[in-house]
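**Student:** only geometry, no sequence info:
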């Protein structure tokens, strides 16, 4: 593509013409770049220097100059660094686009400033090379804020061509498998992961300010627990035993509550050996917190307040209103509204299976599912996809919640809520069970479910029961999914878009 350069000349814009090399030519492209590398070294240029201090983000360079007039110059000097994203012109004047994580800026290089040799070396650089530049700000006659290059230094020679914006950047498989290429080419992708960082820092700040203590518990565990999921199993050679990657941090954190820490949280990775979907990745990021002397009602307030703060920090401008209070509805009411089935009235597997058959709902394998699994199927298939605005579903059947305290006024239910938004669950919380004898009975019920074929049933954990026997105060606990929260804040519909390096098939 031809365009008019800022000095009025017509030049080729490499942003539009630099196509990826065809496979038969790629080896020549790589050879040419390596030849340049060797020429640089032969001329005494270190193509990979150790550091480059004093760099200012491009966004900070650009920010003060909105009012600078066309053709107006300044004596304000800056040092920037980034990757060459475009180059046009040669000879006595050339323009380059430099990109860092904060933005893009045009560079103007002139032979009368750099000298013929340095000018030739600059225009001989390749797209994708990383350079540092000292220069002064001005606005071109055509209105583009520009940094005039006074000095430059090669900081890293790129030995492979950058991805092309018209082709490889839109291939989903390539973007997910080679995230570094996606980050190089797509400013939107860089912004997603900067928002992710703001989500995490805001969650930490909100909990820290509320007096919570951040702790770290084992990732490799002798017995997994705290959720209904299948674990990953690994082997420790020195200990001669199998260990599990944690599926949740719950049981260890509640042992911290027993120990007197009273308000604790952990933000980190969990691992579940389950299917992959738009909202499931086998490793994912969760924050779990536990607060002594509180219950699930208190935690609803904390969740809606925290998520609202995250939305504000991220500058969320979508259609969802996160401002408290969120709607509250019981799980039984939510399922009945969508299906006409009252799961509380059908408290055994056979009765509930008959009700599902009578409702003519599709996609249910009734013969192989336990009663809790059928209730969860009704929730995930019939209710969850329709929960777009923030809502708390409350008061779950005891069979679905082995760690939640009995409901104080509704027999057979427990004090539990799940928070939903944008058609998916984002948080799960309980008034935590702190009666050790009742916890032992719940574990035994889970063991019976496992005997009926439930591969996600909770295993029996005697050490946790013994910890409860020391005495755990009334406690409210929450698990909040960071990845799904980032999906909502960035408007992404796949967890792979918000995980830097998601799990992929071979």
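**Tutor:** Everything's here; your move. For clarity, every value in this text was computed on a predicted model and none was experimentally measured.
**Student:** what's near enough to touch the nearest residue to residue 59 once chain neighbours are set aside?
**Tutor:** Ranked by CB to CB, 6 or more residues apart in numbering and with sequence neighbours excluded, the top spatial neighbour of residue 59 is residue 102, at 3.6 Å. (C-beta placed from N, C-alpha, C; glycine too.) Residue 102 sits next to 57-60 when contact means CB atoms under 8 Å, 6 or more residues apart in numbering.
**Student:** Ramachandran coordinates for residue 102?
**Tutor:** Dihedral angles of residue 102 (phi, psi; degrees, to the nearest 10) stand at phi -100, psi -20.
**Student:** Confirm for me that residue 161 is in contact with residue 84.
**Tutor:** No. Residue 161 lies out of contact with residue 84 (CB atoms under 8 Å); the separation is 11.6 Å.
**Student:** Which secondary structure element is home to residue 420?
**Tutor:** strand 413-421 (DSSP states H and E).
**Student:** Which SSE is immediately downstream of that strand?
**Tutor:** That would be, after strand 413-421 and using DSSP H and E, strand 424-431.
**Student:** got the angle for that next one vs strand 413-421?
**Tutor:** Orientation of strand 424-431 against strand 413-421 (axes from the mean of the first three to the mean of the last three CA atoms, to 10 degrees) gives an angle of 150 degrees.
**Student:** Sheet-wise, list the partners of strand 424-431 with their directions.
**Tutor:** Under the criterion DSSP bridges, strand 424-431 sits next to strand 413-421 (antiparallel), strand 475-481 (antiparallel) in its sheet.
**Student:** Identify the residues contacting the following helix or strand past it?
**Tutor:** Next helix or strand after strand 424-431 toward the C-terminus (DSSP H and E): helix 436-451. The contact list for helix 436-451 (CB under 8 Å, 6+ apart) reads 370, 372, 398-399, 402-403, 406, 433, 457-461, 464-466, 468-469.
**Student:** Next, the buried residues of whichever helix in the chain runs longest.
**Tutor:** When the chain is parsed with DSSP state H, its longest helix is helix 187-209. For helix 187-209, burial by neighbour count (16 or more other CB atoms under 10 Å) applies to 189-190, 192-193, 195-196, 199-200, 202-203, 206-207.
**Student:** after that helix comes which helix or strand?
**Tutor:** strand 213-214.
**Student:** And that following strand, what does it pack against?
**Tutor:** If you count contacts as 3 or more CB pairs under 8 Å, 6 or more residues apart in numbering; DSSP states H and E, strand 213-214 packs onto helix 187-209, strand 263-271.
**Student:** Nearest to residue 363 among the ones you listed would be which one?
**Tutor:** strand 263-271 (27.4 Å; CB to CB).
**Student:** Can you give the distance from the closest one to the centre of its chain?
**Tutor:** Centroid separation between strand 263-271 and its chain, computed with CA atoms, centre = their mean, to the nearest Å, is 15 Å.
**Student:** Which strands border that strand, and is each parallel or antiparallel?
**Tutor:** Strand 263-271 has the following strand partners under DSSP bridges: strand 213-214 (parallel), strand 283-292 (antiparallel).
**Student:** Please identify the deepest-packed of those strands.
**Tutor:** The highest mean neighbour count among these, using mean count of other CB atoms under 10 Å, belongs to strand 283-292: a mean of 23.
**Student:** report the angle between the axes of that strand and helix 187-209?
**Tutor:** Angle of strand 283-292 versus helix 187-209, following the same axes, to 10 degrees, is 20 degrees.
**Student:** Pull the residues that contact strand 283-292.
**Tutor:** 200, 203, 207, 212, 248-250, 253-254, 256-257, 262-272, 298-299, 302, 432, 473-483, 495, 499, 503.
**Student:** Distance to residue 152, mean pLDDT and mean neighbour count for the strands paired with strand 424-431 - can I get that in JSON lines?
**Tutor:** Converted to JSON lines, the strands paired with strand 424-431 look like this (distance: least, CB to CB, whole Å; pLDDT from 0 to 100; neighbours: other CB atoms under 10 Å):
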{"stretch": "strand 413-421", "distance to residue 152": "48", "mean pLDDT": "97", "mean neighbour count": "23"}
{"stretch": "strand 475-481", "distance to residue 152": "45", "mean pLDDT": "98", "mean neighbour count": "23"}
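**Student:** Could you export the ones you listed as CSV, including distance to residue 157?
**Tutor:** Conversion of the strands paired with strand 424-431 to CSV gives the following (distance: least, CB to CB, whole Å):
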stretch, distance to residue 157
strand 413-421, 46
strand 475-481, 41
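**Student:** closest one to residue 181 among these?
**Tutor:** Closest to residue 181 of the strands paired with strand 424-431 is strand 475-481 (CB to CB; 27.3 Å).
**Student:** can you list the residues that contact that closest one?
**Tutor:** Residues outside strand 475-481 that contact it (CB under 8 Å, 6+ apart): 203, 227, 248, 250, 253-254, 257, 284-296, 298-299, 302-303, 306-307, 419, 425-432, 434.
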